[in-house]
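Engineer: below is the sequence, then the predicted model.
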Amino acid sequence: MFNRLLPKELKYFENFKEMIVNISEMADETHKLFSAEVPDKNIMHKLKPIETRCDEISAKIIKRLNKTFITPFDREDIFALVKRLDDISDMLLGSAIRIETFNITKKIKYADKLSFIINQQIIELDKAIQHLKVKSVNEMKAVKILETEADKIYQQALKELFENPTDVLNIIKEKEILDILENTSDKCQSTANIILAIFIKNA
């Protein structure tokens, strides 16, 4: 029985890798969306199926977690990691959906920089998840540095957004999108912290 359960450990790593690959694709598309002078609202139609796949993988991991006796690391860490990754995919989709909901027709200043940083953070998270079984921690430092840079950009974006508050409704719309992007960067950092905790516990 023990040997029959062991292969299930590998499924967690496979699922986490699959999930971060999908999130990486979402981050690429989100960056394209916020980098364009005129947002391509068709990108949302690309993002939704990917986000749905992330939900399905998340549900699969949690279902397995409830049935598997042997896990590669602590159950609460597996649950926390999948929850953070699922949150990132939800937030990326959420930022894109608001482009259509708010009828945004032009580039939001600094949104491209924030989405670029998120993209880079996810690249580092991808590396870390690929290395989960070899206990590498180098990527965690990079995610933190990027998150600090995102905070600076976000503060500058808000400062400039409120310098000339002539169109209050537009300010509200843009701020909400900037908030989501900044929170997504924070969520990437939170994910990195969980991965680091896993490394430390299993060192």
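Structural biologist: Perfect, thanks for sending it.

Engineer: where does the residue nearest in space to the middle of the chain sit, in terms of helix or strand?
Structural biologist: For the chain, Ile88 is the residue whose C-alpha lies nearest the centre (CA atoms, centre = their mean; 3.1 Å). According to DSSP states H and E, Ile88 maps onto helix 75-101.

Engineer: start to end distance for stretch 131-140?
Structural biologist: Start to finish, the residues bounding stretch 131-140 are 12 Å apart (CA to CA, to the nearest Å).

Engineer: output whichever helix or strand comes after the helix holding Ile88 as CSV, nothing but the C-alphas.
Structural biologist: Per DSSP H and E, the first helix or strand lying C-terminal to helix 75-101 is helix 111-130. C-alpha atoms of helix 111-130 as CSV (Å, rounded to 0.1, in the frame of the first residue of the first chain):
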residue,chain,number,x,y,z
ALA,A,111,-0.1,49.9,-15.8
ASP,A,112,2.4,48.6,-18.3
LYS,A,113,5.2,48.8,-15.9
LEU,A,114,3.3,47.1,-13.1
SER,A,115,2.1,44.3,-15.4
PHE,A,116,5.7,43.9,-16.6
ILE,A,117,6.9,43.5,-13.0
ILE,A,118,4.2,40.9,-12.3
ASN,A,119,5.3,39.0,-15.5
GLN,A,120,8.9,39.0,-14.2
GLN,A,121,7.8,37.9,-10.7
ILE,A,122,5.9,35.0,-12.2
ILE,A,123,8.9,34.0,-14.2
GLU,A,124,10.8,33.7,-10.9
LEU,A,125,8.0,31.8,-9.3
ASP,A,126,8.0,29.5,-12.2
LYS,A,127,11.7,28.8,-11.7
ALA,A,128,11.1,28.2,-8.0
ILE,A,129,8.3,25.8,-8.5
GLN,A,130,10.4,23.9,-11.1
